[in-house]
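Student: Here is a sequence together with a model predicted from it:
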Amino acid sequence: MRILFFIYFLVLPTLLFSQEKTNNKSNLDMNGQHHGLNDTIKAKKKVARVDQYRFITLERDTTYVDTSLTIQKEYSHNYLRKDNFGLLAFSNIGQTYNTLQYSLTDFNPYPEMGYKAKHFNFLEANDVIYYSVATPLTELYFKSTINKGQTLDSFITLNTTERFNVSAEYKGLRSEGNYINQMSSTGNFKLTASYRTKHGQYYINGHYTYQDILNEENGGITTPSDFESGNPDYKNRQRLEVYLTDARSFLKGKRLFFDHAYRVNETHGSNNLYVTHQFNYENKFFEYNQPTVLSTVGGTRILRFGDSYMTSGINDQAHYNKMYNKVGVAYENVLLGKFQFFVDDFRSNFYYGRVLIFDNGVVIPSSLSQDINSFGGQYEYQKNKWNGRFLYSRSVTKESISDLEAKLKYHFSDKIQFVFQYQNISKLPNNTYNLYQSSFVEYNWSNNFKNEKINSLSASAVTPWVNMSFQYSVLNDHLYFEDQSTVAEEAVRTQIIKPAQYNNAINYLEVKASKEFKFGRFALDNTILYQKVGQSDAILNVPEIVTRNTLYYTSYFFKKALFLQTGIVFNYFTSYYGNDYNPVIGEFFVQNKKEIGNYPNFDFFINARIKQTRIFLKAEHFNSSFSGSNYYSAPNNPYRDFVIRFGLTWNFFQ
């Protein structure tokens, strides 16, 4: 990677050319959002408009480059590079997140690998952005971390011709953390390319990613009473005892992806016929390594995850390969909309290096292979202020899956928009629910769970008065991980986690509202989330109230050369039985022993913008030293202490 950075900075000064504007939006483009500067960017004595710097999703939704400094930029200047409202970070940067807002969970009918707690920073195919820029565009991101380390994100995109774009990005992190055995080290490398022919008869978007996520896993602190005591001796978090002193997990993955289409008729007209194809090949690898099997709690040696087949040097490995092809034919009519019919082929193999045969006759196979074929159709419609997309797909092989999605958007004006969505999905369990192997005796299973069924109805409104969203979901045959430790095992601090399926229905309701009030140079930005779960047993646990309130001040200084933004952010969620984290399986599990939440979290920030450079300085959780030590991200895993972090985002337009 150092060589790539050297080549990148060597070549960057030579990339000084521009192209004229290209309007590549489809007549059926949905959900287009346009955010950008009001000024223009000069290049080679010509003027390139901001709308010539386009960011395009796989679904052809388009945004523009934006170097402004807004409160939303403050919310997204973090490790994930997006607003993480509804997610609760762990103590160190680069660790996992507890999910406070359940609707942030995405549903895919196809089975995934699992280890979902390790995937928050894993870039999926639908997350990749493609570009079209008038001149080369570069963005550099930097932010300090916890103790030793930093996070960096370097990105460049350019059009070698008007119709061909390439981009490269690398995001790297290393953060030591405050607690024993908590270091994080991650890397996300991405290459993208986009091409279309002169008259748009053929286009292709493609990318390659290589990602690795390494976390030291300490399993949480053993004595929460020491943390909560307020004893100044424990302000040095290295003095707090943890369950695991040398364990770590490692996830890596590679993906090759492209999506392309060919229009049969040479020129675009009132009626158009397309042949489409999407290809996705991905392989992943997960490793859990624990050299020392026995843990020490107050001088007593315990087996935290139960008996093990090995006395030392545990090194559990799992592999996953996936290949996906989707071929379709689409007919587009200016008046009627766009009709598409497709078939797809999904093949995956999740495997270990051995077959386990137990004395009681139970056999744990070495692999779980799946071959699923589906057919479906999609209809897209755009008329005046209405946009709609409707999709249905169903498998024709023995693994039964189905997906029905409907999305309707009404664009009343630039300031008023309404969106309505519905999804009815029957999805196969992720692989780690049905097959798992480990050196720990109790962490081996082979299951045949039923499909999860999810019905979800949602609506959202963007207005000058308030932004609102609503979601109601009914979950049947919900899959989850639970603590199945016996009373005797709990007494000796042993934690046995296994998958389970809930046979009753779970009803989930969410209402979210946000509104900003402005008083001259002051503003108060508010977001509040209300959640309610109806269930016979406490399986899906979420806080009833989550809120974020930001009071801030903005102004120009030095003849408007400097734009300053400063304020205080208040975060809070009500107490609830938050899910706990298990590093052996890389998943969160349901628990009903300890409540977390009901603590205030205040951040103070000062941000500044000078031309295309944005500078960020934040004192995170500055009230932690005087508001009590009862703040947790999960049971036994404290939230982060007071820390001052700084960073910047710097854009270059050549």
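Tutor: Structure's in. What do you need?
Student: which SS state does the most centrally placed residue in the chain fall under?
Tutor: What sits nearest the mean C-alpha location of the chain, by Cα atoms, centre = their mean, is residue 120, with 4.3 Å. Under DSSP: H, G, I helix; E, B strand; the rest coil, the three-state class of residue 120 is coil.
Student: hang on, it packs against residue 96?
Tutor: Yes: with contact defined as Cβ atoms under 8 Å, residue 120 counts as touching residue 96 (6.1 Å). In short, each C-beta sits where N, CA and C put it, glycine included.
Student: Surely residue 203 touches residue 193?
Tutor: No: the pair residue 203 / residue 193 is not scored as a contact, 11.3 Å apart, by Cβ under 8 Å.
Student: Tell me the buried residues in stretch 326-346?
Tutor: Within stretch 326-346, the residues that qualify as buried are 326, 328, 330, 332, 337, 338, 340, 342, 344, 346, counting by 16 or more other Cβ atoms under 10 Å.
Student: Pairing-wise in the sheet, spell out the partners of residue 613.
Tutor: Legend: beta-bridge partners of residue 613 under DSSP bridges are residue 610, residue 650.
Student: these two touch, right, it and residue 652?
Tutor: No: Residue 613 is not in contact with residue 652 according to Cβ under 8 Å; the separation is 9.7 Å.
Student: and stretch 129-140, what's its mean pLDDT?
Tutor: The pLDDT scores in stretch 129-140 average 94.
Student: Alpha carbons of it, in CSV - could you do that?
Tutor: Output of stretch 129-140 as CSV, limited to C-alpha atoms (Å, rounded to 0.1, in the frame of the first residue of the first chain):
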residue,chain,number,x,y,z
ILE,A,129,-20.2,5.0,-5.3
TYR,A,130,-19.2,5.7,-9.0
TYR,A,131,-18.2,9.1,-10.3
SER,A,132,-18.2,11.5,-13.2
VAL,A,133,-16.1,14.6,-12.8
ALA,A,134,-15.1,17.5,-15.0
THR,A,135,-11.6,17.7,-13.6
PRO,A,136,-9.6,15.4,-11.3
LEU,A,137,-11.1,15.5,-7.7
THR,A,138,-9.1,14.5,-4.6
GLU,A,139,-10.2,14.2,-1.0
LEU,A,140,-7.9,13.6,2.0
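Student: And the helices in the protein?
Tutor: Assigned by DSSP state H, the helices in the chain fall at 2-11, 71-76, 224-228, 431-434, 487-491.
Student: Skipping its backbone neighbours, what lies nearest residue 355 in space?
Tutor: Counting by Cβ to Cβ, 6 or more residues apart in numbering, the nearest residue to residue 355 once its immediate chain neighbours are dropped is residue 366, at 4.7 Å.
Student: show me what contacts residue 547?
Tutor: Counting by Cβ atoms under 8 Å, 6 or more residues apart in numbering, residue 547 touches 526, 527, 528, 529, 570, 571, 572, 573.
Student: Restricted to buried residues, select these in PyMOL.
Tutor: To isolate the buried subset of those in PyMOL, counting by 16+ other Cβ under 10 Å, use the following:
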select buried, resi 526+527+529+571+572+573
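Student: Residue 124: which of the contacts of residue 547 is nearest?
Tutor: residue 529 (24.0 Å; Cβ to Cβ).
Student: wouldn't that closest one be in contact with residue 571 here?
Tutor: No: judged on Cβ under 8 Å, residue 529 makes no contact with residue 571 at a distance of 11.5 Å.
Student: Strands of the stretch 151-300 of the chain, start to end?
Tutor: Counting by DSSP state E, counting those that start in this stretch, the stretch 151-300 of the chain has strands at residues 164-175, 184-196, 202-217, 247-263, 271-292, 295-297, 300-302.
Student: Oh, that last question was meant for the stretch 401-550 of the chain, not what I typed.
Tutor: Along the stretch 401-550 of the chain, the segments classed as strands by DSSP E, counting those that start in this stretch run 402-411, 417-427, 435-436, 445-446, 452-462, 467-476, 478-483, 497-502, 506-519, 522-534, 545-557.
Student: Need the winner for burial among the ones you listed.
Tutor: strand 435-436 (a mean of 22; mean count of other Cβ atoms under 10 Å).
Student: what mean pLDDT does it have?
Tutor: The model assigns strand 435-436 a mean pLDDT of 97.
Student: Show me how far it is from its chain's centre.
Tutor: Chain-centre distance of strand 435-436: 24 Å, with Cα atoms, centre = their mean, to the nearest Å.
Student: Could you list every helix and strand in contact with that strand?
Tutor: Applying 3 or more Cβ pairs under 8 Å, 6 or more residues apart in numbering; DSSP states H and E, one finds that strand 435-436 contacts strand 445-446.
Student: what does the strand it packs on rub up against?
Tutor: By Cβ under 8 Å, 6+ apart, strand 445-446 touches 362, 363, 364, 365, 434, 435, 436, 498, 499.
Student: wait, doesn't the fifth one sit right on residue 450?
Tutor: No: taking Cβ under 8 Å as the contact criterion, residue 434 and residue 450 are not neighbours in contact, 10.8 Å apart.
Student: For those two, indicate the residue with more neighbours.
Tutor: residue 434 (20 against 14; other Cβ atoms under 10 Å).
Student: quick one, what contacts the more buried one?
Tutor: 368, 446, 447, 448, 449.
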